[in-house]
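Engineer: here's my sequence, what's the structure:
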Amino acid sequence: MPSRPELATLEAHLGYWLRFVSNQVSHAFGLKLAGRGVTVAEWVVLRELYDAETCVPSALADRLGMTRGAISKLADRLEAKGLAARRADTDDRRFQTLTLSAGGRALVPELAALADANDADFFGHLDPADRVRLEAVLRDIVRRKGLKAVPVD
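Structural biologist: Below is the predicted model of the structure:
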């Protein structure tokens, strides 16, 4: 009977541990946001619009590494919830901008506090130097691999 090759365990891979933690962090945050009627993807768009004031959906898609179709669907959902508004250009109705509504602008700081609390829940125990180092390592991986798409799920 042929011998089976020695294989690394799942736990031997850093990717396993990154995914293990990431899934838990994302799930907990998603639950917190769901309590406010918002998804993680909607939060990402709301947060970007909070700083941008107004944005062309195609530029938002490029910045977030999402498709224009995904941004359009998210904009539809945010509009239906009264959190954002689209405005068509008076000269070219195909050209639109996306902005936060007053309700959306008021909600973003509350959601940001949930994000901060979620981070503190998972990473607050870390020594500040370890946290800085962990972030630096993760940012280096993002840079080296040229990763662009913002995690939304």
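Engineer: buried set for stretch 99-114?
Structural biologist: Buried residues in stretch 99-114, defined by neighbour count with 16 or more other CB atoms under 10 Å: 100-101, 104-105, 107-108, 111, 114. Any C-beta I mention is one placed from the backbone N, CA and C, and that applies to glycine too.
Engineer: and which of those residues is nearest to residue 12?
Structural biologist: residue 114 (34.2 Å; CB to CB).
Engineer: that closest one belongs to a helix, doesn't it?
Structural biologist: Yes - judged by DSSP: H, G, I helix; E, B strand; the rest coil, residue 114 forms part of a helix.
Engineer: contacts for stretch 4-16, please.
Structural biologist: The contact list for stretch 4-16, computed with CB atoms under 8 Å, 6 or more residues apart in numbering, reads residue 17.
Engineer: 10 Å - rerun?
Structural biologist: 17, 19-20, 22, 141 (CB atoms under 10 Å, 6 or more residues apart in numbering).
Engineer: same question for stretch 60-73.
Structural biologist: For stretch 60-73, the surrounding residues in contact (CB under 10 Å, 6+ apart) are 41, 44-45, 48-49, 52, 55-59, 74-75, 86, 96-98, 147-152.
Engineer: again, 7 Å this time
Structural biologist: 44-45, 48, 57-58, 98, 148-150 (CB atoms under 7 Å, 6 or more residues apart in numbering).
Engineer: need the distance between the two termini of that stretch.
Structural biologist: Stretch 60-73 stretches 13 Å from its first residue to its last (CA to CA, to the nearest Å).
Engineer: and if you look at stretch 71-87?
Structural biologist: Stretch 71-87 end-to-end distance (CA to CA) = 15 Å.
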